[in-house]
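A.B. asks: sequence and predicted structure, then a few things I'm wondering about:
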Amino acid sequence: MPADTIYLDHNATTPPDPRVIEAVDRALAVAWGNPSSAHAPGLAARETLQRARDEAARLVGVDSSEIVFTSGGTEAIALAVSSAWQRRGAGRRRVVLSAIEHPAVIEAARGLAPQGAEVVVCPVDRRGLVDPGELGARVGETTVLVAVMLANNEVGAIQPAAEAAAIAARAGALFLCDAVQAVGKIPVAARAIGADYLPIAAHKLNGPKGVGCLCVRHGAPCVPMIAGGGQEGGLRSGTENVPGIAGFGEACRLARERAGDEGRIAARRNALEERLVREAGAQVLAADAARLPNTIGCVLDGVDAQALVVRLSGRGVFVSAGSACHAGKTRGSHVLAAMGVAEAARGCFVRVSLGAGTSDEDAERAAAIIIEEAARGRARKGR
Ligand code: PLP
């Protein structure tokens, strides 16, 4: 990226760390064998996979044997949802989701409707938080699966996932905790949460795209979606993406090394946020909730967010109008709607998400440019 640009869209994706690039390159050059082969090149590839598996497992506190490598977060989520559904107990057909789940979860659940699934959505409050009471009222003896994400990608609200898991467990249902946006930004302990399924995507933590994993708790059902050569213990066939997985492993190792940095990132985020509130009239969403330390999701009243993103891009500051997946949709996201944000305000929603490499100077310079362009946007609209 050019030196004078400032990337503040780390919830969409993160730039790969140079050590990740090195790990991918090394795997391509040295561990190019087929991990299923019995000879030395195969063994080198197998060892590379195992090292990455150990790193991913260590990062979220599970056993290496509980990791299934996938093509990323979406596939990991699809595997969890379809596994739970296919192994559902007699009389169970309800899937309960929070209203702010990622489309990967929502669409996977909706896709089960033709097979008789009853998809029930649990509302969130104005802070973007699931109320365990509301969730408990929807989960019962007919529930197959409960899905509550760990941290929301648009506003950063951190959900009461452990309480949600306990509600699911009491009803004999499985629990999917989409941790794609949380891993690498806050400490994540899959066992303490009580997750049966916990997906991770490498590209959210300075790893490569197209690779991730599903952590499947020992004993939780896992039914392969892709049949073939029986790779990944028969759970995900296809010759493994060894270079991508090597990069993922390195990204996990670096994320563990960075643990404890959350306070530093939050301080930088808070300084930027205070300026946006004071000088651009930003209304920060989920401000009263526990939030990802890097995320500012805010409404800039009277500013066309899509146009602002384009103008900021022209000045070398990269932010987003909602999540990457919603970019281009004019009515704004289901997350903001669920939080009670009025439709007109949803078009003024801007997400600024910092990364491990964001400096104080970057944050300060970006704040000044965003404030300037927001004022310009308002003036233009007022004309
Ligand atoms: N879940 C959440 C919360 C996300 O933010 C994303 C990506 O934006 C996904 C799932 C999907 O992950 P991937 O893009 O790796 O398929």
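C.D. replies: Here it is on my side, so go on. Numbering: from 1, shown residues only.

A.B. asks: C-alpha only now, for contacts and for neighbours.
C.D. replies: OK.

A.B. asks: domain assignment for the chain?
C.D. replies: 6-15+259-382, 18-257 (automatic domain parsing).

A.B. asks: which residues does whichever residue of the stretch 201-350 of the chain sits closest to the ligand contact?
C.D. replies: The shortest separation between the stretch 201-350 of the chain and the ligand is 4.6 Å, found at Ala201 (distances taken as CA to the nearest ligand atom). Contact criterion CA atoms under 8 Å, 6 or more residues apart in numbering gives 72-73, 180, 209, 211-213 as the residues in contact with Ala201.

A.B. asks: stretch 354-363: how far from the chain's middle?
C.D. replies: The offset between the C-alpha centroid of stretch 354-363 and the centroid of the whole chain comes to 20 Å, using CA atoms, centre = their mean, to the nearest Å.

A.B. asks: in stretch 335-354, which residues are buried?
C.D. replies: Along stretch 335-354, the positions that meet the burial threshold by neighbour count (16 or more other CA atoms under 10 Å) are 335-339, 341, 345-354.

A.B. asks: in helices, which of the residues you listed appear?
C.D. replies: 335-338, 345-346 (DSSP state H).

A.B. asks: the ligand contacts on the chain?
C.D. replies: With CA under 6 Å from any ligand atom as the criterion, the chain meets the ligand at residues 12, 72-74, 102, 104, 152-153, 178, 180-181, 201.

A.B. asks: so which of these are in helices?
C.D. replies: For the residues of the chain next to the ligand, secondary structure assignment (DSSP H) places 73-74, 104 in helices.

A.B. asks: residue contacts, Ala52?
C.D. replies: For Ala52, the contact set (CA under 8 Å, 6+ apart) comprises 245-246, 248-250.

A.B. asks: repeat that for Ile67.
C.D. replies: Listed by CA under 8 Å, 6+ apart, the contact set of Ile67 reads 53, 56-57, 213-216.

A.B. asks: picking up where we left off before, skip the chain neighbours and tell me the closest residue to the residue of the stretch 201-350 of the chain closest to the ligand.
C.D. replies: For Ala201, ignoring the flanking residues on the chain, the nearest one in space by CA to CA, 6 or more residues apart in numbering is Gly212 at 4.2 Å.

A.B. asks: partner residues bridging the one you found?
C.D. replies: Note on Gly212: beta-bridge partners by DSSP bridges are Thr70, Ala201.

A.B. asks: surely it meets Ala246?
C.D. replies: No - applying CA atoms under 8 Å as the test, Gly212 and Ala246 come out as separate, 10.8 Å apart.

A.B. asks: which residues of the chain fall in strands?
C.D. replies: Secondary structure of the chain (DSSP state E): strands located at 6-7, 67-70, 94-98, 118-122, 143-147, 174-176, 197-201, 212-216, 283-284, 295-299, 317-318, 349-353.

A.B. asks: got a pLDDT number for Pro2?
C.D. replies: Confidence per residue is given as pLDDT, and for Pro2 that number is 71.

A.B. asks: what distance do you get for it to Val317?
C.D. replies: Pro2 is 11 Å from Val317, where distance means CA to CA, to the nearest Å.

A.B. asks: among these two, which residue is more densely surrounded?
C.D. replies: Applying other CA atoms under 10 Å to Pro2 and Val317 shows that Val317 carries more neighbours, namely 24 against 6.

A.B. asks: helices and strands around the longest helix seen in the chain, which ones?
C.D. replies: The helix that spans the most residues within the chain, counting by DSSP H, is helix 360-382. Of the remaining helices and strands, those touching helix 360-382 by 3 or more CA pairs under 8 Å, 6 or more residues apart in numbering; DSSP states H and E are helix 262-280, helix 305-314.
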